[in-house]
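> below are the sequence and a predicted model; questions follow.
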Amino acid sequence: MGKAVVLHATGGPEALSWEDFEPGTPGPGEALVAHEAVGVNFIDIYQRTGLYPLPKLPAVLGLEGAGVVEAVGEGVTEVAVGDRVAYAGGPPGAYAEKRLIPAHRLVPLPAFLSFHDAASVMLRGMTARYLLKGCYPVGPESVILVHAASGGVGTLLTQWAHSLGATVIGTVGSEAKAVQARENGCDHVILYREEDFVAGVREFTRGRGVDAVYDSVGQATFLKSLDCLRPMGMMVSFGQSSGSVEPFSPGLLASKGSLFLTRPSLMEYTRKREDLLAHAEDLFGVLEQGAVKAKINQEYPLREVGLAHSDLESRRTSGCTVLQV
């Protein structure tokens, strides 16, 4: 019998309960993974509050982890007992010492990558990969705006975009986070509490606007972000930490310059195993080259994941957050 953090009813961080948990034995196509480290992401908070409904309760949250395969079920060919593996995406269940997971969602870990670093970058790093290569092809001529540039995804996205030669503008909430954003490769940083970021972007780009906006904030930044884009620019809305974007007429996109809008998810971009492995391979490549570095700025024991949620919601975190198992 192991332990897990279980959610019996949606609510605040206090709804997360540390209790005995039996993961079971692998069925056909499944693997049993003993975690070494687990990642914390904003989507976990969305599921805890009910913003993103779970199939059923009680449930174990968490979509990212790394560890060792302890057992496999019938028909499993993707991994073997003893393999070092990591994963990101559904189904939930990472907030546990051990869990069952479809084997086709597991990615073998290269020898250079630690369990803790893997748990901190799999979801965020593969998200950065589809943002930069799937939603909009970022390259040396690109000028982009990244909101929450010192956050979990922002930290990796900024480093990766910088390595591709892009010009990166980032928004942050404090001078300390601005320092981190500059270290990650931001060419220009805007403290959104002190400066109108639309004016800042227009000034920096000499009125042209950016090619793409990467917005994980949502309600508080969405409409103003549209004003940062050049004609026919790409608005990528991939999160809503400030709340859901309110309904609007598609005609607004036309009036602001025939803009494009996408609301992507990692689950869709990596639904096929070949796509999952391609995303992971690209991520491992930039990590091994040193172009992107895992920056774990917060660590908590697994049982204290409620505190991790509180800190993340209160914007007291930067970089990546990892749970020690």
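It's in.
> all strands for the stretch 1-150 of the chain, in order.
Taking DSSP state E, counting those that start in this stretch as the test, the strands found in the stretch 1-150 of the chain are 2-7, 16-21, 30-39, 59-60, 64-72, 84-88, 98-102, 107-108, 143-146.
> who touches the last one?
When contacts are taken as CB atoms under 8 Å, 6 or more residues apart in numbering, the neighbours of strand 143-146 outside the stretch itself are 136, 138, 154, 157-158, 161, 166-171, 186, 197, 201, 205, 208, 210-214, 225, 228. Where you see a C-beta, it was placed from the backbone N, CA and C, and this is true even at glycine.
> tell me which strands that strand pairs with, and in which orientation.
strand 167-172 (parallel), strand 210-215 (parallel) (DSSP bridges).
> ok, of the contacts of strand 143-146, which come out buried?
With burial judged by 16 or more other CB atoms under 10 Å, the buried subset of the contacts of strand 143-146 is 136, 138, 154, 157-158, 161, 166-171, 186, 197, 201, 205, 210-214, 225, 228.
> before we move on, back to that, and residue 132, which of the strands paired with strand 143-146 is closest to it?
strand 210-215 (8.8 Å; CB to CB).
> residues in contact with the closest one: which ones?
Residues contacting strand 210-215 (CB under 8 Å, 6+ apart): 131, 135-136, 138, 142-147, 154, 157, 169, 201, 221-222, 225-226, 228-230, 233-239.
> same question, stretch 297-317
By CB under 8 Å, 6+ apart, stretch 297-317 touches 3, 5, 13-14, 16, 18, 35, 38, 40, 42, 44-45, 48, 95, 97, 116, 151-152, 173, 318-325.
> only alpha carbons, please: show stretch 147-157 as PDB.
Provided in PDB are the C-alpha atoms of stretch 147-157 (Å, rounded to 0.1, in the frame of the first residue of the first chain):
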ATOM      1  CA  HIS A 147       3.200  36.700 -21.300                       C
ATOM      2  CA  ALA A 148       4.300  35.400 -17.900                       C
ATOM      3  CA  ALA A 149       7.800  35.100 -19.400                       C
ATOM      4  CA  SER A 150       9.300  33.900 -16.100                       C
ATOM      5  CA  GLY A 151       6.700  31.300 -15.400                       C
ATOM      6  CA  GLY A 152       6.900  27.500 -16.000                       C
ATOM      7  CA  VAL A 153       6.200  27.500 -19.700                       C
ATOM      8  CA  GLY A 154       7.400  31.000 -20.300                       C
ATOM      9  CA  THR A 155      10.900  30.200 -18.900                       C
ATOM     10  CA  LEU A 156      11.300  27.300 -21.400                       C
ATOM     11  CA  LEU A 157       9.500  29.000 -24.300                       C
END
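> mind checking the pLDDT average for it?
Stretch 147-157 shows a mean pLDDT of 93.
> how far away from the center of its chain is that stretch?
Average the C-alpha atoms of stretch 147-157, do the same for its chain, and the two points are 9 Å apart (CA atoms, centre = their mean, to the nearest Å).
> check stretch 245-261 too.
For stretch 245-261, the distance to the chain centre is 25 Å (CA atoms, centre = their mean).
> go on, stretch 115-122?
The chain centre lies 12 Å from the centre of stretch 115-122; the measure is CA atoms, centre = their mean.
> tell me the buried residues in it?
In stretch 115-122, counting by 16+ other CB under 10 Å, buried: 115, 116, 117, 118, 119, 120, 121, 122.
> need those residues in a markdown table (columns: pLDDT and distance to residue 280).
Shown next, in a markdown table, are the buried residues of stretch 115-122 (pLDDT from 0 to 100; distance: CB to CB, whole Å):
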| residue | pLDDT | distance to residue 280 |
| --- | --- | --- |
| 115 | 97 | 15 |
| 116 | 96 | 17 |
| 117 | 95 | 13 |
| 118 | 97 | 10 |
| 119 | 96 | 13 |
| 120 | 94 | 14 |
| 121 | 95 | 10 |
| 122 | 96 | 8 |
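> out of the residues you listed, list just those in helices.
Those of the buried residues of stretch 115-122 mapping onto helices are 115, 116, 117, 118, 119, 120, 121, 122, per DSSP state H.
> adding mean pLDDT, write the strands paired with strand 143-146 out as JSON lines.
Formatted as JSON lines, the strands paired with strand 143-146 follow (pLDDT from 0 to 100):
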{"stretch": "strand 167-172", "mean pLDDT": "97"}
{"stretch": "strand 210-215", "mean pLDDT": "98"}
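> JSON lines for those strands, including distance to residue 178?
Shown next, in JSON lines, are the strands paired with strand 143-146 (distance: least, CB to CB, whole Å):
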{"stretch": "strand 167-172", "distance to residue 178": "5"}
{"stretch": "strand 210-215", "distance to residue 178": "17"}
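> among those strands, which comes closest to residue 65?
Comparing those by CB to CB, strand 210-215 comes nearest, at 25.0 Å.
> can you give me how far whichever helix or strand comes after the closest one is from the chain middle?
Using DSSP states H and E, the helix or strand that follows strand 210-215 in sequence is helix 222-226. Taking CA atoms, centre = their mean, one finds helix 222-226 lying 21 Å from the centre of the chain it belongs to.
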